[in-house]
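*Asks:* build the 3D model from these lines:
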Amino acid sequence: MDELTRIFHRAAEHAAAYRRSLPERPVAESVDHAALRAAFARPLNRSPADLLTVVDELVAAAGPGLVATAGPRFFGFVVGGALPAATAAEILAAGWDQNAFNAALSPAALAAEEAAAGRLKDLLGIPGTASTGFVTGGQAANTAGLAAARQHLLTEAGWDIGRRGLHGAPRLRVVAGEERHATVDRSLRLLGLGTDCLETVRTDARGAVDTEDLRRVLTSGPAGPVIVCAQAGNVNTGACDDLRAVCDLAHAHGGWVHVDGAFGLWAAASPATRHLVDGVERADSWACDGHKWLNVPYDCGYAFCSRPDVHADALSYTASYLTRADGTVAGGADYTTESSRRARGFATWAALRQLGRDGVAALVERCCSLARRFADGLSAAGFEVVNEVTLNQVLVAFGDGTRTDRIVRAVQEDGTCWMGATTWRGRRLMRISVSGHTTTEADVDRSIAAIVRLARAL
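*Replies:* I've put the predicted structure just below:
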């Protein structure tokens, strides 16, 4: 066996051993951060090291600081543990070392993205003519969508944003729910629009936008181009905005609708939850994550736009040494803000191939069912489930905020499972997110038992 084969085999063996250990290993353990840093901070060696030694030392150094986010009982964030086929595709992508900038650098990477994008749009209810940018995640996808919105609306107003910038440009209104994800605000800062441009809309008892208040805001606000940010999947409650009503109202005012659907957009993939995103096809741009409910490795997200030319005009660039894939058609990096791009399409293609249409639907449905199982079990134990569980998010109160925080910390330190805390409607709550393909009813029951045991001990 040659040296290259040996080191790749050793790395794969370590990775597989780690994955096999996930069902029973503690989700997280107390970390000695000083020791962890010291393990990585050895003085740089003068001469080259043996390759197998490098891999083994990396595994030994990292081991105490790994959190089992890929395992069946991590519920702290919407993090899906990567599917086996997607992980294997990621290993191949690293071995192939492809830059997915354009088809000149990697025809295979661009072809995989094109095929995967078609399947994604079909599953998510997005028009097949929309463009797709394979980005790092929801933040980058929101930024891409809002950049396209800015490009289109200012062009329509007679302003060349690419050449003239924002100084002196017509004022853009941005309308969003009061419970929007924080990445929307960050995108507005990055795009030079600033958060002062935001006009907020009230949300209902579930955390979805109040469409009557949206009507009021759109009607009473100043004239001018407007972007409406809708949400599929409230980060706390899982609630989805009424996308059909939002699109009707926004388009009546000549506006652009951007849907932040980091995880909630996957509701479209299941007949049981598709009604939650009814009207999604009528939006103008969409943001979605692959490393959430599709369970592909980090990092992977998708930016979709109904106007591919606007999408490319907002984000692409040209240089004397560059040509697009066929000299004219946009693709690859033209739909992202990155030039050096990992070939994310391979893992997405493999995940969709492994699951198939029915498998994606089953994954979404099972996670929703397991979230309801969490809610039912903790409610039966006497604890307050605060939200209506419509997707995969559960909010639980254990009395006052101080007690809730103490219980969350105790659960995290126990290691059986891992949940985070959040603040919603002024209350400190445990937030449970179910999105992993390996999570079973037994994992949920085991986690409920641990939470109940720890809560009753405090």
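
*Asks:* so where do the helices sit in the stretch 51-200 of the chain?
*Replies:* With helices called from DSSP state H, counting those that start in this stretch, the stretch 51-200 of the chain shows them at 51-62, 84-96, 107-124, 138-156, 161-164, 182-190.

*Asks:* switch these over to a markdown table; also include mean neighbour count, mean pLDDT and distance to His258.
*Replies:* For every residue, glycine as well, the C-beta is placed using N, CA and C. Shown next, in a markdown table, are the helices of the stretch 51-200 of the chain (neighbours: other C-beta atoms under 10 Å; pLDDT from 0 to 100; distance: least, C-beta to C-beta, whole Å):
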| stretch | mean neighbour count | mean pLDDT | distance to His258 |
| --- | --- | --- | --- |
| helix 51-62 | 14 | 97 | 38 |
| helix 84-96 | 18 | 97 | 27 |
| helix 107-124 | 20 | 98 | 15 |
| helix 138-156 | 25 | 98 | 5 |
| helix 161-164 | 13 | 96 | 16 |
| helix 182-190 | 18 | 98 | 8 |
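
*Asks:* what's the closest of those to Arg173?
*Replies:* Minimum separation from Arg173 across those (C-beta to C-beta) falls at helix 138-156, 9.4 Å.

*Asks:* who are the packing partners of the closest one?
*Replies:* Applying 3 or more C-beta pairs under 8 Å, 6 or more residues apart in numbering; DSSP states H and E, we find helix 138-156 packed against strand 131-135, helix 161-164, helix 182-190, strand 226-231, strand 256-260, strand 285-289, strand 301-305, helix 308-315.

*Asks:* so Ala269 makes contact with Ala361?
*Replies:* Yes. Judged on C-beta atoms under 8 Å, Ala269 makes contact with Ala361 at a distance of 5.4 Å.

*Asks:* which of those two has more neighbours?
*Replies:* Taking other C-beta atoms under 10 Å, Ala269 and Ala361 do not tie; Ala269 has more neighbours (27 against 20).

*Asks:* do you know how far that one is from Pro84?
*Replies:* Going from Ala269 to Pro84 by C-beta to C-beta, to the nearest Å gives 20 Å.

*Asks:* equivalent analysis for Ile448, please.
*Replies:* Distance from Ile448 to Pro84, counting by C-beta to C-beta: 27 Å.

*Asks:* same deal with Asp248?
*Replies:* Distance of Asp248 to Pro84, computed by C-beta to C-beta: 43 Å.

*Asks:* likewise Gln151?
*Replies:* Going from Gln151 to Pro84 by C-beta to C-beta gives 40 Å.

*Asks:* same check on Cys417?
*Replies:* Distance of Cys417 to Pro84, given as C-beta to C-beta: 22 Å.

*Asks:* residue contacts, the most centrally placed residue in the chain?
*Replies:* By C-alpha atoms, centre = their mean, the chain has its centre lying nearest to Asp289, at 3.4 Å. Going by C-beta atoms under 8 Å, 6 or more residues apart in numbering, Asp289 touches Val78, Gly137, Gly138, Ala141, Ala262, Phe263, Cys300, Gly301, Tyr302.

*Asks:* Ala343 contacts Trp96, correct?
*Replies:* Yes. Assessed by C-beta under 8 Å, Ala343 is found in contact with Trp96 at 7.3 Å.

*Asks:* joint contacts of the two?
*Replies:* Counting by C-beta under 8 Å, 6+ apart, the residues touching both Ala343 and Trp96 are Ala108.

*Asks:* do a quick rundown of the strands in the protein.
*Replies:* For the chain, the strands defined by DSSP state E occupy 131-135, 173-177, 198-201, 226-231, 256-260, 285-289, 301-305, 384-385, 393-397, 420-424, 427-433.

*Asks:* take those and lay them out in JSON lines including distance to Ala104 and mean pLDDT.
*Replies:* Converted to JSON lines, these look like this (distance: least, C-beta to C-beta, whole Å; pLDDT from 0 to 100):
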{"stretch": "strand 131-135", "distance to Ala104": "17", "mean pLDDT": "98"}
{"stretch": "strand 173-177", "distance to Ala104": "37", "mean pLDDT": "98"}
{"stretch": "strand 198-201", "distance to Ala104": "41", "mean pLDDT": "97"}
{"stretch": "strand 226-231", "distance to Ala104": "34", "mean pLDDT": "98"}
{"stretch": "strand 256-260", "distance to Ala104": "31", "mean pLDDT": "98"}
{"stretch": "strand 285-289", "distance to Ala104": "27", "mean pLDDT": "98"}
{"stretch": "strand 301-305", "distance to Ala104": "22", "mean pLDDT": "98"}
{"stretch": "strand 384-385", "distance to Ala104": "54", "mean pLDDT": "98"}
{"stretch": "strand 393-397", "distance to Ala104": "43", "mean pLDDT": "98"}
{"stretch": "strand 420-424", "distance to Ala104": "43", "mean pLDDT": "97"}
{"stretch": "strand 427-433", "distance to Ala104": "40", "mean pLDDT": "98"}
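
*Asks:* can you lay out these as a markdown table showing distance to Ala109?
*Replies:* Shown next, in a markdown table, are the strands of the chain (distance: least, C-beta to C-beta, whole Å):
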| stretch | distance to Ala109 |
| --- | --- |
| strand 131-135 | 9 |
| strand 173-177 | 34 |
| strand 198-201 | 37 |
| strand 226-231 | 31 |
| strand 256-260 | 27 |
| strand 285-289 | 20 |
| strand 301-305 | 15 |
| strand 384-385 | 44 |
| strand 393-397 | 34 |
| strand 420-424 | 35 |
| strand 427-433 | 31 |
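
*Asks:* can you tell which of those is closest to Ala41?
*Replies:* Closest approach to Ala41 among the strands of the chain is made by strand 420-424 (29.0 Å; C-beta to C-beta).

*Asks:* what helices or strands is that closest one leaning on?
*Replies:* Here strand 420-424 touches helix 401-414, strand 427-433, going by 3+ C-beta pairs under 8 Å, 6+ apart.

*Asks:* out of those, indicate the one that is most buried.
*Replies:* strand 427-433 (a mean of 23; mean count of other C-beta atoms under 10 Å).

*Asks:* so which other helices or strands are in contact with that one?
*Replies:* Applying 3+ C-beta pairs under 8 Å, 6+ apart, one finds that strand 427-433 makes contact with strand 393-397, helix 401-414, strand 420-424.

*Asks:* these into JSON lines, with extra columns for distance to Ala35?
*Replies:* Output for these, formatted as JSON lines (distance: least, C-beta to C-beta, whole Å):
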{"stretch": "strand 393-397", "distance to Ala35": "34"}
{"stretch": "helix 401-414", "distance to Ala35": "18"}
{"stretch": "strand 420-424", "distance to Ala35": "25"}
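
*Asks:* to Glu114, which of the ones you listed lies closest?
*Replies:* Closest to Glu114 of those is strand 393-397 (C-beta to C-beta; 32.7 Å).

*Asks:* between that closest one and strand 427-433, how many degrees?
*Replies:* With axes from the mean of the first three to the mean of the last three C-alpha atoms, to 10 degrees defining the directions, strand 393-397 sits at 140 degrees from strand 427-433.

*Asks:* what does strand 393-397 contact?
*Replies:* 78, 233-238, 371, 374-375, 378, 383-387, 404, 422, 424, 427-434.
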